[in-house]
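What follows is a predicted protein model with its sequence.
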Amino acid sequence: MNRRSLSGAATASVVPVALVLVGLFVQGPYYLHLFIIIMMNVVLASSLRLINLSGQLSLAHGGLVTLGAYAAALLVMRLGLSSWLALLGAAVLSGIVSCLVGFPFTRLKGIYFTMVSVFFVQIIVLTVQQWRSLTGGASGLYGIPRPDGFWGLEFKSKTSFFFLMLALMLVSLGIMWAIEHSRVGMTFRGIQQTDSLAESVGINTTTYKVLAFSIGGFFAGLVGGFYAQYVSALDPTAFGFLFTIYILIYMIVGGAGTFVGPILGATLLTVLPEVARPLKSYMPFVFAAILMLIIFLMPEGLVGLPQRLRKLFIREPGGRSDVAG
Amino acid sequence: MLQVEGLTKNFGGLAAANAIDLNIERGELVGLIGPNGAGKTTFFNLLTGYLRPTSGTVTFEGENLTGKRPHYVASKGIVRSFQQDNVFADFTVLQNVQLASHLNSGVGFWQTVLKTPGSRRREEAIRERAEEILELVGISHLARATAGSLPHGHKRMLGIAIALACRPKLLLLDEPLAGMNVAEVDETIALIRRLWESGLTILLIEHNMRAAMSVCRRFHVLSFGRKIAEGTPDEIRTNPEVVQAYLGTGSHVA
């Protein structure tokens, strides 16, 4: 157990160090951009999993990212807030909106919850498109100011945004890890397994479901806010339904059962369309095929691959046999 | 301690519970019996907030609990076990009881997320108490086993342990003996008696009449959603309405 947690800590520290090296030595704007998008998707898929921990499959993420993106942009452009406050404000606002809609949404269970969360995305996207005076409507929003510099740091180059997103990702993942491994996370998982029993031992399942949904919304808003300041232009349909489905696929293909799963899934599936350029226009089809294969052949996700291979090649006596569960 | 007055639940035209009156005094061990479909589990669901009554009131220690949510009812001290196996299947047995100690955790969101020294001490105390409960119920040797993989009898025992972790004042047991083998039945009956002797008030739904008669001093009998009798085991056994409810009248048995 101790050895395992040590090696886990070692792995967990290798990745950030490797990423810092990437930021220091990789110069090509294309690769830096790719890494930034990967890290955004990692945070989104992980925050979707946090909601999923409490037994709710949310498809509201695209709406919350859109909300965060426009909030970050408009807080600076219309209210003259500092860009950092606007970024935090975007996350908080998405969290608050998740909380407000969370109370009616979480009254619904299973597929009904998922369905209203889809409509939520549509409502946000349509509102942004129609509210032209505020959001610029369907033609989008341009000239969003870059983050203000501090301590001699300037946010203009790709490298600077790479490090900003790296910091946001590490802090976000750290918070989500801490939540999952606390009593709160245990309560989420208990509700996921049987919410009737959770209620009977005095757990207010509504409060906890809304809490999970709000925390997920907070991080979605944060990523949206970062994106607005990074790209400095917004298109109201950028984070619509298809985008949300992609986040869901990252989580499931990587493995929704473990913390690493969505990180792995988001990374591999963000890289995939880049290495398979000729297939780019067929990507939704390829993603669907991958999703189906994983669901049928490896329901625990790609994180289960090493164990499956080990089982396949080494017949160890007394090995775990519950992989397929 | 508990006063139930005129508790009624209609599903469409069917009265699953029909004007049930029932009182329980502190320190009692009361049985609730009746043929299949008599409305016993419905009655538990009404009491604990899983179903909202059509009419009637539930008063517990002077507070009106009618129609309150289950977690609120539990926080007031009425805790139930479930008839079907209902455990946190992916957790270990010990984790099940630790999570069920939710009401007594007294740890705030940031305290547990940041793992403050206070919350660690609290969790340590909860773990020790969870181990004591497992000891009491007699499944401490299974503490590290995954709950979902337990055999039926042990899952039922764990269900009781989970309920005890909430520090109930009134414990509602829904057929705790169902599906148990003879040895397990004896163990569970002994456990229920121990819990009662330690001062817990218990309302027991049970099909196993002999076992129920061996522990309960007083019974309420339901049939078709109505309470048809109340009394000591002897009064119940000789009550003609009860006998008819269980055996039917001659003309009905064709």
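Alright, I've got the coordinates.

could you pull out the strands for the stretch 1-150 of chain B?
B:2-11, B:14-24, B:29-33, B:55-60, B:63-64, B:78-80 (DSSP state E, counting those that start in this stretch).

Run through the residues that contact residue A:233.
Each residue near residue A:233 by Cβ atoms under 8 Å, 6 or more residues apart in numbering or on different chains is listed here: A:140, A:141, A:142, A:143, A:144. Every residue, glycine included, has its C-beta placed from N, CA and C.

tally of neighbours for residue A:245?
18 (other Cβ atoms under 10 Å in any protein chain shown).

Spit out the contact partners of residue A:217.
A:60, A:64, A:94, A:95, A:97, A:98, A:99, A:102.

Relative to residue B:49, which of these is nearest.
residue A:102 (21.4 Å; Cβ to Cβ).

hang on, the earlier thing: how about a markdown table for the contacts of residue A:217, with distance to chain B and pLDDT added?
Formatted as a markdown table, the contacts of residue A:217 follow (distance: Cβ to the nearest Cβ, whole Å; pLDDT from 0 to 100):
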| residue | distance to chain B | pLDDT |
| --- | --- | --- |
| A:60 | 22 | 94 |
| A:64 | 21 | 96 |
| A:94 | 19 | 97 |
| A:95 | 14 | 97 |
| A:97 | 20 | 96 |
| A:98 | 16 | 96 |
| A:99 | 14 | 96 |
| A:102 | 16 | 94 |
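
Below-threshold pLDDT in the stretch 51-200 of chain A: ranges please.
A:152 (pLDDT under 70).

Return the residues of it in contact with chain B.
Contact residues, the stretch 51-200 of chain A versus chain B (Cβ under 8 Å from any Cβ of the partner chain): A:175, A:178-179, A:182-184, A:186-187, A:189-190, A:193-194, A:196-200.

With adjacent residues omitted, what lies nearest to residue A:91?
On the basis of Cβ to Cβ, 6 or more residues apart in numbering or on different chains, the spatially nearest residue to residue A:91 that is not a chain neighbour turns out to be residue A:222, at 3.9 Å.

Would you mark the buried spots in the strand or helix carrying the one you found?
Residue A:222 belongs to helix A:205-231 when assigned by DSSP states H and E. Residues A:205-206, A:208-230 are the ones in helix A:205-231 that count as buried (16 or more other Cβ atoms under 10 Å in any protein chain shown).

who's in contact with the residue nearest the centre of chain A?
Nearest to the geometric centre of chain A sits residue A:44, at 0.9 Å (Cα atoms, centre = their mean). With contact set as Cβ under 8 Å, 6+ apart, residue A:44 has these partners: A:61, A:65, A:219, A:220, A:223, A:247, A:250, A:266.

Compute the inter-axis angle for the helix or strand containing it and helix A:205-231.
According to DSSP H and E, residue A:44 maps onto helix A:29-53. Angle, helix A:29-53 to helix A:205-231, by axes from the mean of the first three to the mean of the last three Cα atoms, to 10 degrees: 170 degrees.

what's the single longest helix in chain B?
helix B:117-137 (DSSP state H).

Pull up the pairing partners for the helix or strand just after the helix holding residue A:222, direction included.
Per DSSP H and E, the first helix or strand lying C-terminal to helix A:205-231 is strand A:233-234. Strand A:233-234 has its sheet partners listed here by DSSP bridges as strand A:141-142 (antiparallel).

And the helix or strand following the partner strand, what's buried?
Heading C-terminal from strand A:141-142, the first helix or strand you meet, by DSSP H and E, is helix A:158-180. By 16+ other Cβ under 10 Å, the buried positions in helix A:158-180 come out as A:158, A:160-166, A:168-169, A:172-173, A:175-176, A:178-180.

what are the ranges of the strands in the stretch 151-254 of chain B?
Going by DSSP E, counting those that start in this stretch, the stretch 151-254 of chain B shows strands at B:170-174, B:201-205, B:218-223, B:226-231.

mind checking which of those is nearest residue B:70?
Closest of the strands of the stretch 151-254 of chain B to residue B:70 is strand B:170-174, at 11.5 Å (criterion: Cβ to Cβ).
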